[in-house]
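1. Please find the sequence and the predicted model below.
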Amino acid sequence: MISWRDIVQTVRFQRLLTALVLLTVESVLRQLKERDAISEAECKRLITQLSTFQNSDITVLQNVFYIEVNPVAKSSSVDQAIRLNVFLRTISKLERYNQNPKLHFLIFRFRELISLLRILRDARNAAAHDFSDRPEIGWNLTVFSTYMRVLEVAVIPNKFEEQIEKQKEEIKETIVSFLNNGRSSADESYRDKSPSSQSDEAHSNKILDEINAIKSSIASLDTKFLNLVHNIPNKAVALQQEVKIETDEYENETEELENIETQMPSAITAAVLKQKLESLRKDIDDEFSKDADWHGVACNILQKPIVAIISKKQYPTIAKALSDEEIMWRYKRHKDIMDKQIVKFDTKIDEIIASVIWDD
């Protein structure tokens, strides 16, 4: 079993996380180019810049959301270099960009990834410094759910699908085990490996670090107070901006997320499409499992291979999907029972598929 520490510290999770974040940002940049918000040359420059983050840890990776963009003059009122997150916030308020579903939804996902990475960064920092039992329950649930949400929000290319599905199943199994046992076995083994003396030493070091941090903060506050008293306006303003910048960004991003979510409540990614269709598959099982024509899971119109093909080939309706060679032979083999399912569930299936905004 894995633990929350594995997700925020081990290479296999971190490399996939980094790749998905960079792919999502790249998709945003390509959409900006398609909408003439940035030039083709600027798009290429920025995509090249993304490659410098390929081997970054979570803290450095967050900087990718704040790279400087040189927008096309007519794209907005901005006529100079501007941070990407601010630029997206600006153009999302303009009608000509707001009416483009793909760009608008990518902006929504971009902003949500910022918040999700902050949580994972804090978890990584906690894993590096805190070896106590106290945060294990909270961090396990928080990190598992946050990482799973990244897999739902980020742009996912076909070549990553198998790897991601394996990770999802691994995390799901761990969550179930964790909820049943109160803690994951990985956390048990992690603590078993740490001698009590090492744990005590780490705890003592942590206390000393906190004391030193408090001392530094007090000294820093004294210095800042003296600077203010002696009327050094430039330094005071700089200090105020430094203290406020992360809070302001968080408040602005939260406000924008709420606005976007209100405007586009039904949009989902392909990853969420699979979840919804799999949920509907269970409803079909319950509805038809006692039918005389039912002969097991292969009779379900939303069996896993069919859902995977719908997602991969982006079929707009279940009727269109039935014409696919890989689906057609499955359908013909159990046509009678599948026709019954289609009559009852085709509207629901099509509504779910229609809510997807497909990635390129």
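-> That came through fine. Residues are numbered from 1 along each chain as shown.
2. mind showing which ranges of this protein have poor pLDDT?
-> Where the chain drops to pLDDT under 70, the residues are 74-79, 131-135, 182-266.
3. Which segments of it make up each domain?
-> 4-193, 196-263, 270-354 (automatic domain parsing).
4. Can I get the ones you listed in TSV including distance to Asp360?
-> C-beta: built from backbone N, CA, C; applies to glycine. Listed next are those as TSV, based on distance: least, C-beta to C-beta, whole Å:
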stretch	distance to Asp360
domain 4-193	7
domain 196-263	20
domain 270-354	10
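5. Turn those into TSV, including mean neighbour count.
-> TSV is the format used below for these (neighbours: other C-beta atoms under 10 Å):
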stretch	mean neighbour count
domain 4-193	17
domain 196-263	12
domain 270-354	16
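6. so how far is stretch 2-10 off the chain centroid?
-> Distance of stretch 2-10 from its chain centroid, counting by C-alpha atoms, centre = their mean, to the nearest Å, is 16 Å.
7. before we move on, what about stretch 86-94?
-> Using C-alpha atoms, centre = their mean, the mean C-alpha position of stretch 86-94 is found 20 Å from that of the whole chain.
8. Next: stretch 348-358.
-> For stretch 348-358, the distance to the chain centre is 20 Å (C-alpha atoms, centre = their mean).
9. Just the CA atoms of it, as PDB, please.
-> Provided in PDB are the C-alpha atoms of stretch 348-358 (Å, rounded to 0.1, in the frame of the first residue of the first chain):
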ATOM      1  CA  LYS A 348     -28.600  10.200 -20.000                       C
ATOM      2  CA  ILE A 349     -25.500   8.800 -21.800                       C
ATOM      3  CA  ASP A 350     -25.700  11.500 -24.500                       C
ATOM      4  CA  GLU A 351     -26.200  14.300 -21.900                       C
ATOM      5  CA  ILE A 352     -23.000  13.200 -20.000                       C
ATOM      6  CA  ILE A 353     -21.000  13.000 -23.200                       C
ATOM      7  CA  ALA A 354     -22.300  16.400 -24.400                       C
ATOM      8  CA  SER A 355     -21.000  18.000 -21.200                       C
ATOM      9  CA  VAL A 356     -17.300  17.100 -22.100                       C
ATOM     10  CA  ILE A 357     -15.000  19.700 -23.500                       C
ATOM     11  CA  TRP A 358     -12.400  17.500 -25.200                       C
END
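10. which outside residues touch that stretch?
-> Here stretch 348-358 makes contact (C-beta atoms under 8 Å, 6 or more residues apart in numbering) with 101-102, 105, 266-270, 272-273, 276-277, 280, 301-302, 310, 314-318.
11. now do 6 Å
-> Pro101, Lys102, Phe105, Ser266, Ala267, Ile268, Leu273, Lys276, Gln314, Thr317, Ile318 (C-beta atoms under 6 Å, 6 or more residues apart in numbering).
12. Return the subset of these lying in helices.
-> Pro101, Lys102, Phe105, Leu273, Lys276, Ile318 (DSSP state H).
13. For Trp358, see how far away the second one is.
-> Lys102 sits at a distance of 8 Å from Trp358 (criterion: C-beta to C-beta, to the nearest Å).
14. Repeat that for Tyr66.
-> From Tyr66 to Trp358 the distance is 28 Å (C-beta to C-beta).
15. which residue ranges form the strands in the stretch 1-150 of the chain?
-> For the stretch 1-150 of the chain, the strands defined by DSSP state E, counting those that start in this stretch cover 68-69, 82-83.
16. can you redo these as CSV with distance to Leu29?
-> Listed next are those as CSV, based on distance: least, C-beta to C-beta, whole Å:
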stretch, distance to Leu29
strand 68-69, 8
strand 82-83, 13
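17. So which residues of the stretch 1-150 of the chain form helices?
-> Taking DSSP state H, counting those that start in this stretch, the helices of the stretch 1-150 of the chain run over residues 4-9, 11-34, 40-50, 58-61, 84-91, 95-98, 101-129, 136-153.
18. For His295, which of those is the nearest?
-> Closest to His295 of these, according to C-beta to C-beta: helix 136-153, at 33.1 Å.
19. Quick one: list the elements packing against that closest one.
-> For helix 136-153, the contact count by 3 or more C-beta pairs under 6 Å, 6 or more residues apart in numbering; DSSP states H and E identifies helix 4-9, helix 101-129, helix 161-181 as packing neighbours.
20. Quick check: which of those is nearest to Val21?
-> With C-beta to C-beta as the criterion, Val21 lies closest to helix 101-129 of the helices and strands packed on helix 136-153, at 6.1 Å.
21. and that closest one, what other elements does it pack with?
-> Partner elements for helix 101-129 (3+ C-beta pairs under 6 Å, 6+ apart): helix 4-9, helix 11-34, helix 58-61, helix 136-153, helix 233-263.
22. Can you name the residues in contact with the third one?
-> Outside helix 58-61, the residues within contact range by C-beta under 6 Å, 6+ apart are Thr18, Phe53, Leu120, Arg121, Arg124.
23. Spatially, which pair of the residues you listed is furthest apart? Let me know, please.
-> Using C-beta to C-beta for every pair in the contacts of helix 58-61, the one that comes out farthest apart is Phe53 and Arg124, at 15.9 Å.
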